[in-house]
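# sequence isn't available, so here's the structure alone:
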Ligand SMILES: Nc1nc2c(ncn2[C@@H]2O[C@H](COP(=O)(O)OP(=O)(O)OP(=O)(O)O)[C@@H](O)[C@H]2O)c(=O)[nH]1
Ligand SMILES: [Mg+2]
């Protein structure tokens with residue numbers, strides 16, 4: 001089936017087509033840009049919430065509870081479980097958990113696991129594009145769960161409109177050593193497992209740390225939850241919606257989206273240019289100047305600047321199909 005056909009089926013509500021398109025973009029299939037172009041007009045409606053934090057903090061349990069609340073309010077939900085560390089475990093665990101809770105049979109809920117493929121940047125990109133598919137499919141909310149507190153999670157979380165960082169009472173050390181980046185990306189902090197000792201202490205510690213942050217219009221709140229007992233979930237959803245409203249009112253949401261779009265465009269441009277240069281060189285372009293460089297007849301700095309300033313050479317280098325004469329050079 002052609003990609004165009006697949007997309008129109010997906011847009012008409014076909015879950016199987018959605019799943020196939022997700023696999024396609026996850027694997028960075030060459031048709032990925034076509035898919036993104038075809039769904040572009042249908043994107044931009046879903047609200048994306050990222051949930052991150054150390055292993056076992058209760059992220060999946062929180063996600064599961066949030067799905068329940070969102071469904072009660074009549075919203076449809078897409079879930080992406082990203083597991084950068086192990087290719088098989090985490091995401092599948094989340095899937096199982098939610099299936100057990102009975103959301104699996106709910107037509108309004110779509111769950112997808114993503115695991116490490118290729119570079120770290122690749123995972124963030126796959127997450128973003130899968131989120132777009134869920135958006136185009138018509139999901140009101142997209143929840144993204146990632147395990148851990150590393151750079152990959154930070155990259156993945158840039159996709160989210162609201163980011164929730166989940167900690168637990170045992171995370172005393174985590175709070176102390178928490179990467180500045182994690183502090184910065186959090187719009188909402190959750191201290192889960194509040195049924196255990198020490199939760200209040202962590203909350204206070206966090207709040208003290210947050211006071212050291214430069215003041216901003218949105219002060220990230222710290223919420224206590226006990227996900228297994230379902231405590232604090234209404235408040236959590238309420239905070240997410242308050243953050244959404246804040247972003248709408250202040251314009252910071254639109255600014256965030258605009259900045260992310262620009263960043264994505266520049267990254268794609270850079271990669272495509274780099275890929276084309278490699279392909280052109282492989283195809284035998286620049287062989288003359290390369291020869292001079294290899295022989296040491298010309299220094300690489302001068303050679304590089306000369307090529308860049310030669311419009312024709314640049315054009316030939318970046319053309320998908322270098323002209324025959326340029327290829328012979
Ligand atoms: N006591 C207590 N246990 C909880 C709470 N929330 C979750 N748990 C338990 O903590 C364990 C881990 O929960 P998950 O929801 O799988 O945690 P996670 O952060 O998704 O874990 P990974 O995805 O593996 O990183 C499970 O046994 C949960 O039942 C809570 O509020 N209190
Ligand atoms: Mg989990």
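Great, that's in hand. Just so it is clear, the model here is predicted, and its values are computed rather than measured. Numbering: from 1, shown residues only. Ligands and ions are numbered 1, 2, ... in the order given.

# going forward, measure contacts and count neighbours with C-alpha atoms only.
Noted.

# in the one helix or strand residue 51 maps to, what's buried?
In this structure, residue 51 sits in strand 47-53 according to DSSP states H and E. Of the residues in strand 47-53, 47, 48, 49, 50, 51, 52, 53 count as buried by neighbour count, 16 or more other C-alpha atoms under 10 Å.

# which residues of the stretch 51-200 of the chain fall in strands?
With DSSP state E, counting those that start in this stretch, the ranges of strands along the stretch 51-200 of the chain come out as 77-83, 109-115, 141-147, 162-167, 188-191.

# with mean neighbour count added, can I get the ones you listed in TSV?
Converted to TSV, those look like this (neighbours: other C-alpha atoms under 10 Å):
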stretch	mean neighbour count
strand 77-83	26
strand 109-115	21
strand 141-147	26
strand 162-167	25
strand 188-191	24
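
# state the pLDDT value of the residue most central in space within the chain.
Of all residues in the chain, the one closest to the mean position by C-alpha atoms, centre = their mean is residue 156, 3.4 Å from it. You'll see residue 156 listed with a pLDDT of 81.

# unless I'm mixing things up, it is touching residue 130, no?
No: taking contacts as C-alpha atoms under 8 Å, residue 156 lies outside contact range of residue 130: 11.7 Å.

# closest residue of the stretch 51-200 of the chain to ligand 2?
Scanning the stretch 51-200 of the chain for proximity to ligand 2 using C-alpha to the ion identifies residue 60 as nearest, at 4.1 Å.

# just the buried positions in the longest helix belonging to the chain, please.
Ordering each helix of the chain by length in residues (DSSP state H) puts helix 252-282 first. Taking 16+ other C-alpha under 10 Å as the basis for neighbour counts, the residues of helix 252-282 that come out buried are 253, 257, 273, 276, 277, 279, 280.

# need the contact list for residue 39.
By C-alpha atoms under 8 Å, 6 or more residues apart in numbering, the residues touching residue 39 are 7, 133, 136.

# quick one: which of those has the most company?
Of all the contacts of residue 39, the most densely surrounded is residue 133 (27 neighbours; neighbours counted as other C-alpha atoms under 10 Å).

# just the terminal-to-terminal distance for stretch 205-220.
Across its full length, stretch 205-220 reaches 14 Å between end residues, using C-alpha to C-alpha, to the nearest Å.

# now it: buried residues?
Neighbour-count burial for stretch 205-220 flags 206, 210, 220 (criterion: 16+ other C-alpha under 10 Å).
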